[in-house]
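Trainee: Here is the input, now give the coordinates:
(chains A and B)
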Amino acid sequence: MRPSVFIRLFVNGEEHALAVPAQRTLLEALRYDLGLTGSKQGCDKGDCGACTVLAHERGGKGRGEAILSCITLAQDAQDLEITTIEGLAGPQGLDPVQRAFADCGALQCGFCQPGMMLSARALLDKNPRPTLPQIQEALSGNLCRCTGYTKIYEAVQVAAGLREPARRAPVPSERAAPSDSKAQVVKEIVP
Amino acid sequence: MSIGARFPKSDGVAKADGSGIYADDISLPRMLYAKILRSPHAHARIRGIDLGAALAHPGVVATLVGAELPAKYGVIPWTQDETALAVEKVRHVGDAVACVAAVDERTADEALALIQVDYEVLPAVLSPEDALEHPEIKVNEKAKIGNITKHVHLQFGEVDEAVASAAAVARETYRYAGSTHVPIEPHCAVARIDADGNLTVWSSTQIPHYVHRELSRVLGLPQSKVRVIQPLLGGAFGGKSDPFALEFCVAKLAMKTGRPVKILYTREEVFYAHRGRHPMKMDVTLALDADGRISAVDNKILIDGGAYASFGLVTAYYAGQLLTGPYRFGTYRFDSYRMYTNKPPCGPKRGHGSVQPRFAFEVALDEAAEKLGIDPMEVRRRNFIGEFVETVNGQKITSNGFLKCLELVEKASAWKERHGKLGRGRGLGVAGSMYISGTAYPVYPNEMPQSGVLVKLDRSGRVAIFSGASDIGQGVNTLLCQIAAEELHCDPYDVTVVAADTDLTPVDLGAYSSRVTFMVGLAAREACQKLAAKLRAAGGSTFAEACQKAEAAEGAPLAAAGGYRTQKLGGDYRGGTIGASPAYSFTAHVAEVSVDEETGIWKVERIWAAHDCGKALNPTLVEGQIEGSVYMGAAEAQMEEMVYNDKGLLFGPSLLDYRIPTSLDTPDLDSYIVESNDPGGPYGAKEAGEGPLHPAIPAIANAIHDACGIRIRELPFYPQRILKLLRERGRRGEERVAS
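Mentor: Now for the predicted structure:
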């Protein structure tokens, strides 16, 4: 067996004692040892932000800063209180950030979103009424490939109570004649 | 009514609270972890593989080499040219060579380092030009002639005569760089085999049905013994629409060891697995008559395919076949070569095959219109092909809301007041496009439905829908809930969707070619309507009561099936069915850019995108598809490129080196939905997932021209390329300079 280290992790309000290989990352410990698979591995190099969790020194207030669990060693996280996506919802149900992401269509594939939502939570904890540039800045370490970020900004603003979800109505198009009479008209195709 | 409502995604809560299960979240008792050894050479013969030291490494349980899985596979039946692991030869840096299963990932990684491979390095071809010039260096034996995966030459009308008599001709070369999908979830697969020999593979795939077929063939197991399940999928964009080495490896290793096996690709491996945008060189001739009507389009296309065919046969057709709307072409010719090269294979990335020629065409259209002094918006309006018409290459266009799309983006961008009037360094550009709502014919010829949906009603009032379709984030499972609610008048939150499980769900061909909403939507509507008729006949004051009465009347549980059946479509010539679709979507974009003429650094300030999706079954989801598409298109224009060195080594296969836009790099996106209500689509719907990507790139190029008078004809539009053109403009003192 590989040399193990004994560590304690404080995650989502619970303390865990673990024996892990010395090089275990916090992301691996969360996913493999604690079964908290909500934190995602997108690159394992600190580039994509899917592994983002919130952390602060033990005994501190609130939920702390967004950190990258894939480039944090588990044994270096022992003095931290960690919040993962599984710990974001409270007894009242989903956090407003989670609810807004689900309602605004900010979730498509959902893979980057645990990290994205935690970064958004960290922003709103510090700054409850962020401007759009502040939101863009705060989320710039979390890559999303589905949404073009537009609905993510909207969800953060909705979660902060700064706006309502977008509701632009679709526009009907009138039947349009071909611009050229030479174009051949074919009969309608109905399955 | 449920259709047209902004219904939140049915899996939204599971994705929001972290409980949703993706492939890598699956962990099974006694599961082994496997790793794949990859080639350091672009082209080499394998003389031998020594696995001895790897097998002896403590913790290693099994190994696998190509000879154990020699059957070739591929989604397109005519170009099956891949093996799970290299047999005899490696064809690109990163090609899969051998596989090790061990008790954990790190042990498997250590064992890979102990495998000795004896390579005889062969000369490699790294560009399509080289591939044409050196037919004696055979990249892939599947090519009948030299290194050609596919050559397509099609002509419609007297192109040369039309060019000769044109009032204005643009004749230019355009180059489109290769880019890749970058789903944030890397590919992952898990396999388990039970004592009766039933194999289950969970995979992050967007084509469970084809994976099912190919696993069965390659492993030599009956299809009835193979089950493929797609868990939640963390993004795909075409990057998960081939079977990949990992699915065969986990399955074979599970069969060899009797234990569950998982492979999770590293981010680097995702870059080698690739199947992204094909680099294309396009020599375009575009002719306008004196009225600004398109009298001829001629395109010679050279396509860099990489080491395997993937969907390349289709790419060679799509590069030409999907260009013939939303404008009427007087005549048309294209000639495309898709070449094998010693690089990771290209394939279908969002907007498969047609994004590159669309860029070239829409810029050339501006260039030709400029010669006649016609406004870019006007030339597009003037050439509008109309509705319920046949294109020059015999595709049947039904509904077409392109004019409305143009009108919306023209107004939103204040085009009339601002185009050509923003001063140096700032400009507007417009572009249009069309795309298919699914490809008319199944990939492997057969008479069975392309999509199937089963709906079951419980006496409790719970509805269960069994659908083979892959929800890859686009929201098809949500759509199924909405269709059930629309037809059955049940609560959309009382619907359970069982999806993408080949044992439990009817076949759907997969989430590709923007076919899902159209085909799965029609299948689901058909099934639900059959049940709705029974519920209406039974009566009842609540939905549950109606279910009970109907079940009593039926004397059996209530269930119904619906299908999408292939329609006969397409032109009457060889290849005329490729590009044929039951309906086409249309898009128009206006892009606004700013360019710093001192440095060449430029920025997309905003993109207004209007998309005709027929009918928005869920406007929030459609907007999400538009915005995601526009983002991805703008990203290709701005920064994305697969760069290789002269040994075929990919530069920086990581998310730090292969740059994709962050929130700070993404322009403001403004999406508009246009509804043309297609008579053939479910509730009038057409596609929304891929079409809206196309115009972003040419709209940006055209906006750069408006900003500073240069024509950029090569992607990505790196600042240094812009600066070079600006300097040439400065030297020549001319207004019109181009790459």
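Trainee: Low-confidence ranges, the chain, go.
Mentor: Chain wasn't specified; assuming chain A. Residues of chain A meeting the criterion pLDDT under 70: A:1-2, A:176-191.
Trainee: The chain in question should be chain B.
Mentor: B:733-739.
Trainee: what's the single longest helix in it?
Mentor: Taking DSSP state H as the criterion, chain B has its longest helix at helix B:516-538.
Trainee: Any part of it near chain A?
Mentor: Yes. With Cβ under 8 Å from any Cβ of the partner chain as the criterion, chain A is reached by helix B:516-538 at residue B:522. C-beta: built from backbone N, CA, C; applies to glycine.
Trainee: ditto for stretch B:586-602
Mentor: No. Judged by Cβ under 8 Å from any Cβ, stretch B:586-602 makes no contact with chain A; its nearest approach is 9.1 Å.
Trainee: Off-centre distance for that stretch?
Mentor: With Cα atoms, centre = their mean, to the nearest Å as the basis, stretch B:586-602 stands 25 Å off its chain's centre.
Trainee: what comes up buried for that stretch?
Mentor: Neighbour counts over stretch B:586-602 (16 or more other Cβ atoms under 10 Å in any protein chain shown) mark B:586-595, B:597, B:600, B:602 as buried.
Trainee: ditto for stretch B:560-572
Mentor: B:560, B:562, B:563, B:564, B:566, B:567, B:569, B:570, B:571.
Trainee: Also stretch B:483-491?
Mentor: For stretch B:483-491, burial by neighbour count (16+ other Cβ under 10 Å) applies to B:483, B:484, B:485, B:486, B:487, B:488, B:490.
Trainee: Looking at these, which one is closest to chain A?
Mentor: Within the buried residues of stretch B:483-491, the smallest distance to chain A is 15.5 Å, found for residue B:483 (Cβ to the nearest Cβ).
Trainee: Touching, that closest one and residue B:682? I think so.
Mentor: Yes. Residue B:483 is within contact range of residue B:682, at 7.3 Å (criterion: Cβ atoms under 8 Å).
Trainee: what sits in contact with each of those two?
Mentor: Common neighbours of residue B:483 and residue B:682, using Cβ atoms under 8 Å, 6 or more residues apart in numbering or on different chains, are B:521, B:524, B:525, B:617.
Trainee: Just among the residues you listed, which is most surrounded?
Mentor: Of all these, residue B:524 has the most neighbours under the rule other Cβ atoms under 10 Å in any protein chain shown, reaching 31 neighbours.
Trainee: give the contact list for that one.
Mentor: Shown in contact with residue B:524 (Cβ under 8 Å, 6+ apart): B:453, B:455, B:465, B:467, B:479, B:480, B:483, B:484, B:562, B:682.
Trainee: what do you get for residue A:39?
Mentor: Contact analysis of residue A:39 by Cβ under 8 Å, 6+ apart lists A:27, A:30-31, A:50-53, A:69, A:84-85, A:114-115, B:18.
Trainee: Let's see the PyMOL selection covering just the buried ones among these.
Mentor: Burial among the contacts of residue A:39 is assessed by 16+ other Cβ under 10 Å; the matching PyMOL selection reads:
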select buried, (chain A and resi 27+30+31+50+51+52+53+69+84+85+114+115) or (chain B and resi 18)
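Trainee: Of the contacts of residue A:39, which belong to helices?
Mentor: A:27, A:114, A:115.
Trainee: and the next helix or strand after the longest helix of chain B with helix B:516-538, angle?
Mentor: The first helix or strand that comes after helix B:516-538 along the chain, using DSSP states H and E, is helix B:543-554. Here helix B:543-554 runs at an angle of 70 degrees relative to helix B:516-538 (axes from the mean of the first three to the mean of the last three Cα atoms, to 10 degrees).
Trainee: Output the contacting helices and strands for helix B:543-554.
Mentor: In terms of contacts (3 or more Cβ pairs under 8 Å, 6 or more residues apart in numbering or on different chains; DSSP states H and E), helix B:543-554 is packed against strand B:451-457, helix B:516-538, strand B:558-564.
Trainee: Could you take those and lay them out as JSON lines, with extra columns for distance to residue A:105?
Mentor: Converted to JSON lines, these look like this (distance: least, Cβ to Cβ, whole Å):
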{"stretch": "strand B:451-457", "distance to residue A:105": "24"}
{"stretch": "helix B:516-538", "distance to residue A:105": "15"}
{"stretch": "strand B:558-564", "distance to residue A:105": "26"}
